[in-house]
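In: build me a model:
(one chain, ligands or ions: 1)
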Amino acid sequence: MPEISSDDRSGEADASIAPLHLPDDRQLVLRVMPMPADANGNGDIFGGWIMAQVDLAGAVLPARIAKGRIVTVAVNQFIFKQPVSIGDLLSFYAKVERIGRTSVTVNVEVYAERDPANLHVVKVTEANLTYVAIDRDGKPRLIPG
Ligand SMILES: CC(C)(COP(=O)(O)OP(=O)(O)OC[C@H]1O[C@@H](n2cnc3c(N)ncnc32)[C@H](O)[C@@H]1OP(=O)(O)O)[C@@H](O)C(=O)NCCC(=O)NCCS
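Out: Down below sits the predicted model:
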């Protein structure tokens, strides 16, 4: 992962370490680096691990909007565009697509920053998920207005 040099204390990011080509129309909701325990024998990261991270990342904006407890009701679409490798720094960017009566649907894009010597960014995953606001009994409740 790129480091901020010791003389960069002004609070201004050095352009050479800024992430490249990441979306600016979405919110960054999670950053995580997969570990060797998350990989298969080929060194690629398990799809199930990525799905779990996307579920966590996707819940951030719906939980804010619902102002309380939510559950995942549906994974409407999930595309693994490129494999993820150990050492990739994954950034999860989310956008709210629809706010319904009791549900919120989000689109999540996952980007991998890789190869620190020749830093570049690759879109690895895209997904669409729906979350439902629930009450204490686990029943759907209205999204607050
Ligand atoms: C989520 C849950 C509370 C919904 O209960 P329900 O009685 O089916 O609720 P409804 O039919 O009234 O649907 C509630 C909302 O979910 C939406 N929804 C239901 N099924 C859906 C599906 N397959 N895809 C997308 N949205 C769906 C409905 O459109 C509705 O949204 P709206 O109110 O904004 O229009 C219930 O299905 C549940 O508890 N599921 C288990 C959730 C869970 O454990 N998730 C974690 C698994 S890892």
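In: where does the protein come near the ligand, residue by residue?
Out: Proximity of the chain to the ligand, by Cβ under 6 Å from any ligand atom, involves residues 71-74, 100-103, 130, 132, 134, 138, 140. All C-beta spots, glycine's among them, are computed from the backbone N, C-alpha and C.
In: just the buried members of those?
Out: Neighbour-count burial within the residues of the chain next to the ligand applies to Thr102, Ser103, Thr130, Val132, Ile134; the criterion is 16 or more other Cβ atoms under 10 Å.
In: verify the stated contact: the third one with Asn76.
Out: Yes. Counting by Cβ atoms under 8 Å, Thr130 sits close enough to Asn76 to count as a contact (6.3 Å).
In: so what sits against both of these two?
Out: Taking Cβ atoms under 8 Å, 6 or more residues apart in numbering as the criterion, Thr130 and Asn76 both touch Thr105.
In: can I get the CA coordinates of the helix or strand in which Val60 is found in CSV?
Out: Per DSSP states H and E: Val60 is located in helix 47-66. As requested, C-alpha coordinates have been extracted for helix 47-66 and formatted as CSV (Å, rounded to 0.1, in the frame of the first residue of the first chain):
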residue,chain,number,x,y,z
GLY,A,47,-15.7,-15.3,-4.6
GLY,A,48,-17.6,-15.9,-1.3
TRP,A,49,-15.2,-13.7,0.6
ILE,A,50,-15.7,-10.9,-2.0
MET,A,51,-19.5,-11.4,-1.7
ALA,A,52,-19.4,-11.0,2.0
GLN,A,53,-17.4,-7.8,1.8
VAL,A,54,-19.8,-6.4,-0.9
ASP,A,55,-22.8,-7.3,1.4
LEU,A,56,-21.1,-5.3,4.2
ALA,A,57,-20.2,-2.4,2.0
GLY,A,58,-23.6,-2.3,0.3
ALA,A,59,-25.4,-2.0,3.7
VAL,A,60,-23.7,1.2,4.7
LEU,A,61,-25.9,3.7,2.7
PRO,A,62,-29.2,1.8,3.3
ALA,A,63,-28.5,1.6,7.0
ARG,A,64,-28.0,5.4,7.1
ILE,A,65,-31.2,6.0,5.0
ALA,A,66,-33.2,3.5,7.1
